[in-house]
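S.K.: Pasting the sequence and the predicted model now:
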Amino acid sequence: MRAAFADRNFKYLLIGPAIFVLLLIGVFPLVYLLIVSFQGITMTEVSTEFVGGRNYAQLFDDVRMWEALLHTVIFTAIALPIELLLGLAMAQLFLEKLPGRQIFIALLVLPVVVSPIVSGATWSLLFDHRFGPINQVIGWITGNDTAILWTIKPNLVYPAIIAAEIWQWTPFMFLLLLAALANVDKSQLEAASIDGAGWWRTFFRIVLPAIWPVMAIAILIRGLDLFRLFDIIWALTRGGPGTMTETISMFTYVKGFQQFETSYTAAVAFLVIILLSAVVMLALKRVELAR
Amino acid sequence: MKDHSLILRRPGLLRGLLLSLVAASAFAWAGAASAQSAAQKAVEAAKKICSGKTITIVWEAGLQSLDPKNFSGPMWEKETGCKVNVIEVPTEEMFTKIMQEYRAGTGAYDALNVIPAWMPDLVQAGALEQLESLVDKYGYRDELKKIAPTYRDNQMTVNGKIYGFPDDGDVFLFYYRKDIFARADLKKAFKDKYHYDLAPPKTWKQFDEIGSFLTEKLKAEGVYGASFFRQPPYTMFMFQERFRVEGGKFFDAATMKATVNSPVGVKAFTEMRNENRFMPPGVEKFGFVENLATFLKGQSAMTISWPPYGRFAAGYLGSEKALDWVPKSQIAGKVGYALPPGGHPELAAGFALSVASTSKQKEAAYLFIQWLNSEEISNKRVQLPYTLRDPFRDSHYTNPGYLKLWPDAKDYLAALHQGAQTGLLDLSLIQTDKYEEALRQGISKLWAGEDPKQILDKIAADWDGITNQVGVEKQKAVYNAWAAKSGAYPR
């Protein structure tokens, strides 16, 4: 009887440590974050008394927070499709056997291995109004000295950030999609060709369904990455002009680690977790990857 | 011989002589002890409690930290046997790091460099050790009194208690090209146009007129009338100065409502943006280095900045490799020094030396900062070409060695001395950074082209929001205490 019980529960014993570690690094911080979000800890106030839903009420009135969230959505909504399409186009191009293909692929992937803060600093130099090559090239074309303030003027600052973001992360899309495209069943492509299907029809009916699981994962990973966009913007604009390019990650950092609004920041972080979890669950359900 | 026998025959006399000797020795010993400088006292005490140990100090990363790393740290170790570990932190992260460490309570930092405007926040949080008893214990009060009045009276105490020693005489100086201002053709043309002499401007109106005039006349020669650092963190200080010089008040002292959006504020913002037109293109992006390079290359006739500009412009760099990045001055000997228009320069940032309340060796940390800050050692430190530590003691301005460092050093020190008497404090409240952040954001909007009045209304609304969050009465008390200081508003 005892032996049967031990046999039945041996599996739990085996997975126990793993569950414990998961709870420790996953659930505990989440629960702790939730607790802190109902307290009133600030720079000068370390009392852990509960203040009810005060932080959450404040959060709903915080225009800057909602604007930061909106900026994040805008960056994601613009950069993600461009990275996807460019990555797909590049993958399609490099699917063919080209001379020096391996070297080109290696070079194209380089931006991904650069730290985002370094990438941001590099783009800051590229956009420099006096010594930056971008203004110099524009100057050569227009024949005038050009001192465009890419990171100051409101109509230029978004394109500047998005350009830097796309430069760095399109190769990531490219790599994943190249691998996916290389694994599309060649016999199906040949059959479609024999049947007289055009390029678009072949792409939408055969290629896209074949690469979709990988593409969906790539979109999800990049979407989540873009949602926590921080480094490049920090290096380029610090969220300016004003708070025009401030993302939710930057807002959280400033509130939490510069202004020490600890409990309020916990409430913001919890809201973001809820929102992101909902988005991820919906996305997974939609692409049927959760099964 | 006779005398000896006399003494031996009269024991009373012998006793008296012995007593006199003992008394004289005691007086001599006490005299010697009191004659010990604050630096010597710190060294003697540190030998007993710190020898063989290590104290950790937070210092601004970059040039500033070369002082404890290359100069004062090794010197302290040689004299006391006490090692100094320097933690370099970029200025913008110093507050965060200090607070994080305080909250974690690890005791990782013993001594700190803090910007005086942060002191109310750090004290309220409990991160700084009160130094009153240690100042008395190690006899430092007299030397503290010799710190220049503006720094001593405004950057040392919170609620009347000492929490830091002002250790860096940061002040904005006005630098101008003497050779340009002396050109006969320019002087005549300027007088004809504006009906007063071409000279360093006393008001911002004069500055605007001189700046636009010089740009108009000299642009073809590659010289602009003026250049400033315009990145928001720097402009924030310049606005604070200009706003008060023009008569502005940050808050209504009775209600604590922000009044930064008053007509004075709008005027200052509007003029600041207009001035960019006679400055080099892209000046909105100029930081400390870009503006320095422009001035040192002779491309601008006027600028305002911290004291190191004056030393760099004079070519006083020593042979320090760390200063290789400083462009070779093409204007050495041609630079004049004055106070910025209005005559009340901003004491922008600065540093004070403090002791971390979580330190496990507070006394040793205290002794190190007393020694650093002392008359004897600070006089050497402010002359180091590479550390960006500026004169802050009365004796620094008249130091014979400093006066001879370059031909115009006496004028430079005289201007700094003047600034140390009339300088204006940075705004310092509870949660100062939030108020400053709103201002910095407003300035970046100003350069982006938004309407000055709307920007200032938003800043005022943000400031009111912060005040309400802190608590109006609580903040009002802090503001009124700050406003009562001699350097808060021009007097």
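M.R.: Arrived safely, thanks for sending. Residues are numbered from 1 along each chain as shown, chains lettered A, B, ... in the order given.

S.K.: Where does B:Val123 sit, in terms of helix or strand?
M.R.: Using DSSP states H and E, B:Val123 sits in helix B:119-125.

S.K.: So what's the gap between that helix and the chain middle?
M.R.: On the basis of CA atoms, centre = their mean, to the nearest Å, helix B:119-125 sits 19 Å off its chain's mean C-alpha point.

S.K.: just stretch A:21-34 next, same as before
M.R.: Mean C-alpha position of stretch A:21-34 versus that of the full chain (CA atoms, centre = their mean) differs by 23 Å.

S.K.: Any part of that stretch near chain B?
M.R.: No: in terms of CB under 8 Å from any CB of the partner chain, no part of stretch A:21-34 sits within range of chain B; the closest distance is 14.8 Å. Where C-beta positions appear, they are placed from N, C-alpha and C, glycine not excepted.

S.K.: Would you mind identifying the next helix or strand past the helix holding B:Val123?
M.R.: Per DSSP H and E, the first helix or strand lying C-terminal to helix B:119-125 is helix B:132-137.

S.K.: what sits up against that next one?
M.R.: By CB atoms under 8 Å, 6 or more residues apart in numbering or on different chains, the residues outside helix B:132-137 that reach it are B:140-141, B:144, B:161-162, B:355, B:362-363, B:366, B:370.

S.K.: for it, what is the average pLDDT?
M.R.: Summarised as a single mean, pLDDT over helix B:132-137 is 97.

S.K.: Residues in contact with whichever helix or strand comes after that helix: which ones?
M.R.: Downstream of helix B:132-137, the next assigned helix or strand under DSSP H and E is helix B:141-144. The contact list for helix B:141-144 (CB under 8 Å, 6+ apart) reads B:37-38, B:135, B:152, B:156, B:162, B:165, B:374-375.

S.K.: Filter those down to the ones in helices?
M.R.: In helices, defined here by DSSP state H, the members of the contacts of helix B:141-144 are B:38, B:135, B:152, B:375.

S.K.: Can you give me the neighbour number for whatever residue of the stretch 1-150 of chain A ends up closest to chain B?
M.R.: In the stretch 1-150 of chain A, the residue found nearest to chain B is A:His129; the distance is 3.5 Å by CB to the nearest CB. By other CB atoms under 10 Å in any protein chain shown, 22 other residues sit near A:His129.

S.K.: cool, A:Gly53 as well?
M.R.: Using other CB under 10 Å, A:Gly53 has 13 neighbouring residues.

S.K.: And for it, nearest residue in space, chain neighbours not counted?
M.R.: A:Phe38 (7.3 Å; CB to CB, 6 or more residues apart in numbering or on different chains).

S.K.: Then A:Ala164?
M.R.: Distances taken as CB to CB, 6+ apart put A:Trp123 closest to A:Ala164, at 4.0 Å, once the chain neighbours are dropped.

S.K.: what residues does the stretch 1-150 of chain A put near chain B?
M.R.: Residues of the stretch 1-150 of chain A lying near chain B (CB under 8 Å from any CB): A:43-44, A:46, A:128-130, A:145, A:147, A:149.

S.K.: ok, of these, which come out buried?
M.R.: A:43-44, A:128-130, A:147, A:149 (16 or more other CB atoms under 10 Å in any protein chain shown).

S.K.: Near residue 121, how many other residues are there?
M.R.: Just going to use chain A. 16.

S.K.: sorry, should have said chain B
M.R.: Neighbours of B:Asp121 under the rule other CB under 10 Å: 26.

S.K.: Show the pLDDT at it.
M.R.: At B:Asp121, pLDDT is 92.

S.K.: So A:Arg222 sits against A:Leu80, correct?
M.R.: Yes: counting by CB atoms under 8 Å, A:Arg222 does reach A:Leu80; the two are 5.9 Å apart.

S.K.: Of the contacts of helix B:132-137, which belong to strands?
M.R.: Here DSSP state E is the test, and the contacts of helix B:132-137 give B:161-162, B:355 as lying in strands.

S.K.: out of these, who has the most neighbours?
M.R.: B:Val355 (29 neighbours).

S.K.: Tell me the pLDDT of that residue.
M.R.: As summarised for this prediction, B:Val355 has a pLDDT of 98.

S.K.: Just to check, it is in contact with B:Ile369?
M.R.: Yes: counting by CB under 8 Å, B:Val355 touches B:Ile369, with 6.8 Å between them.

S.K.: where do the contact lists of these two overlap?
M.R.: Joint contacts of B:Val355 and B:Ile369 (CB under 8 Å, 6+ apart) are B:Ala111.

S.K.: need the buried ones among the residues of the stretch 1-150 of chain A next to chain B in CSV with secondary structure, distance to B:Gln454 and pLDDT, can you?
M.R.: Formatted as CSV, these follow (DSSP: H, G, I helix; E, B strand; the rest coil; distance: CB to CB, whole Å; pLDDT from 0 to 100):
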residue, secondary structure, distance to B:Gln454, pLDDT
A:Met43, coil, 30, 81
A:Thr44, coil, 32, 76
A:Asp128, coil, 29, 91
A:His129, coil, 26, 86
A:Arg130, coil, 30, 82
A:Ala147, coil, 26, 84
A:Leu149, coil, 20, 93
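
S.K.: Of these, which pair is most distant in space?
M.R.: A:Thr44 and A:Ala147 (44.1 Å; CB to CB).

S.K.: Geometric centre of the chain: which residue is closest?
M.R.: In the absence of a named chain, this looks at chain A. By CA atoms, centre = their mean, chain A has its centre lying nearest to A:Asp225, at 1.6 Å.

S.K.: that's the wrong chain, I meant chain B
M.R.: Short answer for chain B (CA atoms, centre = their mean): B:Asp170, at 2.5 Å.

S.K.: if I've got this straight, that one is in a strand?
M.R.: No: going by DSSP: H, G, I helix; E, B strand; the rest coil, the assignment for B:Asp170 is coil, not a strand.
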